[in-house]
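Peer 1: Predicted coordinates and the sequence they were generated for:
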There are 2 protein chains.
Amino acid sequence: MANKDIKKCDCTIIHEDVVNKVKENMPPEENLYDLAELFKVFGDSTRIRILYALSASPMCVCDIAALLNMSQSAISHQLRILKQARLVKYKKEGKVVYYSLDDDHVNQIFAHGLEHVKE
Amino acid sequence: MANKDIKKCDCTIIHEDVVNKVKENMPPEENLYDLAELFKVFGDSTRIRILYALSASPMCVCDIAALLNMSQSAISHQLRILKQARLVKYKKEGKVVYYSLDDDHVNQIFAHGLEHVKE
DNA sequence: TGTACATATGAACAGTTATTCATATATTTG
DNA sequence: CAAATATATGAATAACTGTTCATATGTACA
């Protein structure tokens, strides 16, 4: 019953008890999918640099482009992705759009990630 | 001088002071690159599910494949990536290879990520 | 109203990536 | 040694992604 959708795997289930127990405690598929989507956003050095920059100060698009030495268009595209992931927010002042971090978790996720990387 | 490599950006630097200050406080390019590489590993739902499963219990390759209803080969390929990122370790016992989490940060990164996703 | 400028966006292209398939390696057991 | 089984791996392919280029949108100001 608990195994009814185990079929694609081409090998014997060696420890059925372990598999079933772990399966019971797995979070909903959807949560893990969303989590992967979130980390996918962090998984690009341009976006990481944008987030890091914004954690220091809100900035407009041109400033970010200048800071990272990249085209305005490239930055704008990436900001859209960060916006969709609710990681940055923006405030329009005339022609200029100021972006800033939208979430406290960002810094904490960063911190733990950096610990890992530095070891 | 601080601006010597600002050239690719096709727009005016609106707030040079902000840009320069943020630039001074940016971590080394290399660290941010490594950080992005780490998150890239988390940015796939198969790998996320493997990590989550292993956080519940060490498992062998066949068990993981059965649990996730995927081919042994696909799991093995992903385990190699997780191994290279030093996120999982393994112990060989006869024919069977047991994988387990290799890092405490994993759980903490997970936790903060889930907080974000659930909001 | 027209020009300049900050930002956004769609299409295209190049590079990357996850899975599959076939097969190799290694270990156990008969 | 031969057969069975657990795992690893290389090649191929399909899908995805980041940047560029061209252009559109929207605002300020002369």
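Peer 2: On my side now, so go ahead.
Peer 1: and the strand or helix carrying residue A:49, how far out from the chain's middle?
Peer 2: Here residue A:49 sits within helix A:45-56, counting by DSSP states H and E. For helix A:45-56, the separation from the chain centroid amounts to 12 Å (computed by CA atoms, centre = their mean, to the nearest Å).
Peer 1: Over to residue A:70. Which of the three states is it?
Peer 2: coil (DSSP: H, G, I helix; E, B strand; the rest coil).
Peer 1: Let me know the distance separating it from residue A:63.
Peer 2: Per CB to CB, to the nearest Å, residue A:70 is found 12 Å from residue A:63. C-beta: built from backbone N, CA, C; applies to glycine.
Peer 1: which of those two has more neighbours?
Peer 2: residue A:63 (26 against 18; other CB atoms under 10 Å in any protein chain shown).
Peer 1: So the more buried one lies in a helix, does it not?
Peer 2: Yes - Residue A:63 forms part of a helix when assessed by three-state DSSP.
Peer 1: rewinding a little: tell me the helices and strands packed up against the helix holding residue A:49.
Peer 2: Packing partners of helix A:45-56 (3 or more CB pairs under 8 Å, 6 or more residues apart in numbering or on different chains; DSSP states H and E): helix A:29-42, helix A:61-68, helix A:72-84, strand A:88-93, strand A:96-101, helix A:105-118, helix B:16-25, helix B:29-42.
Peer 1: Next up, the contacts around the closest residue to residue A:56 other than its chain neighbours.
Peer 2: Sequence neighbours aside, residue B:22 is the residue nearest to residue A:56 in space, at 4.7 Å (criterion: CB to CB, 6 or more residues apart in numbering or on different chains). Contacts for residue B:22 (CB atoms under 8 Å, 6 or more residues apart in numbering or on different chains) come out as A:53, A:56-57, A:59, A:67.
Peer 1: I'd like to know which of those residues are buried.
Peer 2: Using 16 or more other CB atoms under 10 Å in any protein chain shown as the burial test, these include A:53, A:56, A:59, A:67 as buried.
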